[in-house]
Each structure stands twice: as C-alpha cells, then as structure tokens.
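Trainee: fold the following for me, if possible:
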Amino acid sequence: MKYLTLLLGLWGLSFPAFSVQEVTTVAHVDLNRYLGRWYEIASFPMFFQRHCLRNTQAEYSLNEHGEILVYNHCETANELETAHGHAHVVPGSHGARLRVSFFWPFYGNYWIIGLDEQYRWAVVGEPGRDYLWILARTPQLTSTELHKALLSAQAQGFDLSKLHYTSQDPAH
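Mentor: From the prediction side, this is the model:
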C-alpha cells in the first residue's frame, strides 16, 4: 500500500498540465455595446505600458469597412502616450475573441473572459495568462463590481497577485 500511495503521488506530479484548465471566453459579445471608451482598472502591464502612470484608457470604434479601430492612451510622467491599432473578430467566436495589432504584421490575442451583463466592466486576457486587463466604463468600479470581475479572472486561473491597479483621475 505504501508503494501504491507513492506511485500515485509521483504520477500526479508527473502530469501537472492536466490540472490547468484552458482559458475560455464569454459565450457572446455584442460588439456594438462593447465599442466606446473603457478605463483600465487593473492589468498585468504589457511592455508598451511600462511608462504609464495613470488615466489609462482604450477606445474602440468601427471604420466604414467594419474593422475595429483601437486607440489606447495613458499619462506618463511627462506626456500623454498613445497607441493606434486595429482588430478583427476571430470567426466563430461570437465577438468574444479578437486579434489586435498595433504593429503590422504582429497580432495579439484579446479574449473577453468576463463581461458584466450591462457592459459596465469587462475582463480581457489571453490563452497564456501573461496579460490581463480589468476594464470599466467609469474610472472606478464599486467594490462589488470589482470583486465580480476579479472572480471571473481568478476562475480562469489568472494569478491576481500580478495585478497592478491603475490610478484614474475622475476629472479625465
């Protein structure tokens, strides 16, 4: 019995990948409701966000060809930093998976993994769990709304200890 317990314990250690679930998106995103301004509440900052100090925002709109235009900006110590990109919906994802590019020909995954029914907040991640954004329609979320958004990220296996909270000046 002692050897069986040891063998089962070693077998469990040998296959840790089976315990990690795959990141999944919400079932459907109404892009017309999703478009507009979002405030970053917290994130696993990307390389290009390294100088952002406060007031990080993203705006999504459609051009005449149906392509999603992305405009991100944040305040650094000295200026307003901006980034312009574009995105397209991954076929079959019902609007929940986008491919976003700020530097052609490179694209990144933008998966909506949590979304408030009223589109007050959204949680965006990617399959490798290296990036995460908690977004809101207002510069701050209530503690209840933030808790729900964080739970949706945690349920997907994101390490919330890596979150950096973004300072938002409500006047901006």
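Trainee: ok, what's across the strand from the residue most central in space within the chain?
Mentor: In the chain, the C-alpha nearest the mean C-alpha coordinate belongs to Val124, at 2.0 Å (C-alpha atoms, centre = their mean). On the basis of DSSP bridges, Val124 is bridged to Ile112, Trp133.
Trainee: now swap in His84 and tell me
Mentor: Going by DSSP bridges, His84 forms beta bridges with Tyr71.
Trainee: related to what we said a few turns ago, so the residue nearest to the centre of the chain touches Leu132, yeah?
Mentor: Yes: under the criterion of C-beta atoms under 8 Å, Val124 makes contact with Leu132 at 7.2 Å. All C-beta spots, glycine's among them, are computed from the backbone N, C-alpha and C.
Trainee: just the pLDDT for the residue nearest to the centre of the chain.
Mentor: We have a pLDDT of 97 for Val124.
Trainee: mind checking how far it is from Leu115?
Mentor: 9 Å (C-beta to C-beta, to the nearest Å).
Trainee: give me the neighbour count for the residue lying closest to Pro127 once chain neighbours are set aside.
Mentor: With C-beta to C-beta, 6 or more residues apart in numbering as the criterion, Pro127 has its nearest non-adjacent residue at 5.0 Å, and that residue is Val23. For Val23, the neighbour count with other C-beta atoms under 10 Å is 17.
Trainee: and for the one 5 residues further on?
Mentor: Using other C-beta under 10 Å, the number of residues around His28 comes to 11.
Trainee: now do the same contact list for it.
Mentor: Counting by C-beta atoms under 8 Å, 6 or more residues apart in numbering, His28 makes contact with His94, Gly95, Ala96.
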